[in-house]
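Chemist: sequence and computational prediction follow.
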Amino acid sequence: MELERFCNTMPTGEECPVAYASRTLAPAEKKYSQIEKEGLALIFGVKKFHQYLWGRKFKMVTDHKPLLTLFGEHKSLPTMAAARIQRWAIILSAYDYHIEYCPSEKHSNADGLSRVPLPDTTDVGTAAVSENIHALIAEHFEQAPLNADQVARVTRRDKVLSKVLKYVMEGWSMDVDESLKAYHSRRNELSAERGCVLWGTRVIIPDRLRKFVLKEVHVGHPGIVKMKALTRKYVWWPKVDADLEQVSRACESCQMEQKAPRQVPLQHWEFPGQSWKRLHIDFAGPFQGHTFMILVDAYSKWLEVFKMSSLTSQATITRLRRLFAAYGLPEHIVTDNGTQFTSVEFKNFIQQNGILHSTSAPGHPATNGLAERSVTSGSFP
Ligand SMILES: [Zn+2]
């Protein structure tokens with residue numbers, strides 16, 4: 001592992017070493033991707049010299065440029081990076097630091113001791129914990145349609161992804177060919193776990209398994225929106241969205257799912273606590289040549305039904321005025337967006353009487369459930 005050097009900068013600008021530290025990598029750490037190994041060195045140094053650094057402004061120098069993107073002091077947390085990198089970014093956020101890039105040829109004055117590294121001094125726990133987690137995952141996902149070993153096996157044989165895995169583990173070369181472009185642009189966010197390549201927390205599926213994954217997310221015809229949401233949680237490959245769209249377009253059931261009206265959460269009206277406080281009003285019919293106004297009291301479920309000769313605002317107001325004269329004014333009425341309820345005339349009537357008026361969302365009659373139910377369940381004559 002790379003040597004960490006802790007220096008004090010003298011007034012003359014000269015750097016004077018205070019302490020050196022280095023150690024070999026633990027077995028689990030040897031499997032880290034290149035960027036994670038570089039990040040580990042940085043974190044190791046910060047932890048090692050914590051008592052000097054905590055609460056002070058200090059400078060970190062790295063010869064690994066991507067670390068600036070991930071750990072830059074004014075950067076927000078790298079949400080797409082591997083979980084380990086994110087954890088490190090959180091640790092670093094507690095320090096007052098500035099991070100700088102210095103090409104390795106200039107950085108080499110720290111190289112001497114890295115050729116004679118000290119034996120591994122990590123707490124033995126880390127590797128064991130990691131093994132335990134893997135065992136737990138293996139047990140838990142025994143029934144999973146696709147497991148890490150399968151993905152790793154196909155990844156090794158995949159022409160493109162095997163190269164990506166190699167680059168992730170050993171570092172990227174400057175120019176890559178066209179097939180690697182999508183991976184190269186994400187190179188700071190790629191990591192490897194158990195022989196699989198990950199983008200953030202999403203497993204990158206090799207070409208040969210993509211059809212299978214598409215089939216799996218398509219089970220039950222969830223439609224394009226849900227398929228994308230599900231995929232986004234677990235897997236990725238270049239143009240995955242386009243592949244999903246193609247599956248959904250070719251499937252009639254999925255198309256039906258998309259066309260079905262969006263479900264709005266059913267509005268639960270608060271129980272009014274007394275009668276004639278909130279009324280739900282709707283029209284029904286024509287039934288045997290007549291249209292009816294249905295009015296339900298939310299508290300008692302008392303039903304009033306009137307045969308309407310006209311459905312204008314004026315006719316509605318006249319009817320309601322007569323009713324309110326007999327029973328008193330309600331505090332609140334709920335209607336749909338019918339023109340008789342949205343006219344200026346009706347609004348004036350409501351306002352003059354100090355009644356609160358709620359209308360259902362356009363095209364979503366479910367809001368006015370009480371009156372609608374009375375209409376559709378046939379509970380009116
Ligand atoms: Zn479908």
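Modeler: Ah, there it is.

Chemist: what about residue 191, which SS state?
Modeler: strand (DSSP: H, G, I helix; E, B strand; the rest coil).

Chemist: that one touches residue 85, doesn't it?
Modeler: Yes. Taking contacts as Cβ atoms under 8 Å, residue 191 lies within contact range of residue 85: 7.4 Å. All C-beta atoms are positioned from the backbone trio N, CA, C, and that covers glycine.

Chemist: give the intersection of the neighbour lists for those two.
Modeler: 35-36 (Cβ atoms under 8 Å, 6 or more residues apart in numbering).

Chemist: look at these two and report which has more neighbours.
Modeler: Using other Cβ atoms under 10 Å as the criterion, residue 191 and residue 85 rank with residue 85 on top: 26 against 23.

Chemist: against the ion, how distant is that one?
Modeler: 37 Å (Cβ to the ion, to the nearest Å).

Chemist: tell me which parts of this structure are close to the ion?
Modeler: The chain has residues 221, 251, 253-254 near the ion, with proximity defined as Cβ under 5 Å from the ion.

Chemist: and which of those residues is nearest residue 97?
Modeler: residue 254 (50.2 Å; Cβ to Cβ).

Chemist: touching, the closest one and residue 225? I think so.
Modeler: No. With contacts counted by Cβ under 8 Å, residue 254 stays clear of residue 225, the gap being 9.9 Å.

Chemist: of the two, who's got more company?
Modeler: residue 254 (22 against 14).

Chemist: host element of the more buried one?
Modeler: helix 252-259 (DSSP states H and E).

Chemist: mind giving me the packing neighbours of that helix?
Modeler: Judged by 3 or more Cβ pairs under 8 Å, 6 or more residues apart in numbering; DSSP states H and E, helix 252-259 is in contact with helix 223-234, helix 240-249.

Chemist: which residues are in contact with it?
Modeler: By Cβ under 8 Å, 6+ apart, the residues outside helix 252-259 that reach it are 218, 221-225, 227, 247-249.

Chemist: show me which pair in those is furthest apart.
Modeler: 222 and 249 (14.3 Å).

Chemist: that older thread, quick check: buried residues in the helix holding residue 254?
Modeler: 254, 257 (16 or more other Cβ atoms under 10 Å).

Chemist: what average pLDDT does stretch 208-221 get?
Modeler: Taken as a whole, stretch 208-221 carries a mean pLDDT of 91.

Chemist: may I see the buried residues of that stretch?
Modeler: Residues of stretch 208-221 classed as buried: 209, 213-214, 216-218 (neighbour count, 16+ other Cβ under 10 Å).

Chemist: out of those, which one sits closest to the ion?
Modeler: residue 218 (5.4 Å; Cβ to the ion).

Chemist: close enough to count as contact, that closest one and residue 227?
Modeler: Yes. Applying Cβ under 8 Å, one finds residue 218 in contact with residue 227, separated by 6.6 Å.

Chemist: domain parsing for the chain?
Modeler: Structural domains assigned to the chain are 4-115, 141-259, 278-376, following automatic domain parsing.

Chemist: may I see the ones you listed organised as TSV, with distance to residue 271 added?
Modeler: Listed next are the domains of the chain as TSV, based on distance: least, Cβ to Cβ, whole Å:
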stretch	distance to residue 271
domain 4-115	43
domain 141-259	34
domain 278-376	7
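
Chemist: pick out the shakiest of these, pLDDT-wise.
Modeler: Among the domains of the chain, domain 4-115 scores lowest, at a mean of 80.

Chemist: between residue 222 and residue 249, which is the more surrounded one?
Modeler: A side-by-side neighbour count of residue 222 and residue 249, using other Cβ under 10 Å, places residue 222 first with 17 against 11.

Chemist: dump the residue contacts of that one.
Modeler: Neighbours of residue 222 in contact, by Cβ under 8 Å, 6+ apart: 230, 254, 257.

Chemist: count the residues that sit near the closest residue to residue 188 other than its chain neighbours.
Modeler: Leaving aside its sequence neighbours, residue 188 sits nearest to residue 66 (Cβ to Cβ, 6 or more residues apart in numbering; 4.4 Å). By the measure other Cβ under 10 Å, the count of residues near residue 66 is 20.

Chemist: what about residue 66, distance to residue 187?
Modeler: 7 Å (Cβ to Cβ, to the nearest Å).

Chemist: common neighbours of those two, please.
Modeler: Counting by Cβ under 8 Å, 6+ apart, the common neighbours of residue 66 and residue 187 are residue 35.

Chemist: I'd say residue 299 and residue 280 touch.
Modeler: No. Contact criterion Cβ under 8 Å: residue 299 and residue 280 do not qualify, at 11.1 Å.

Chemist: ok, those two, which is more surrounded?
Modeler: More crowded of residue 299 and residue 280, by other Cβ under 10 Å: residue 280, with 26 against 15.

Chemist: neighbouring strands - and their directions - for whichever strand or helix holds residue 357?
Modeler: Secondary-structure assignment from DSSP H and E places residue 357 in strand 356-359. If you go by DSSP bridges, strand 356-359 pairs up with strand 332-335 (parallel).
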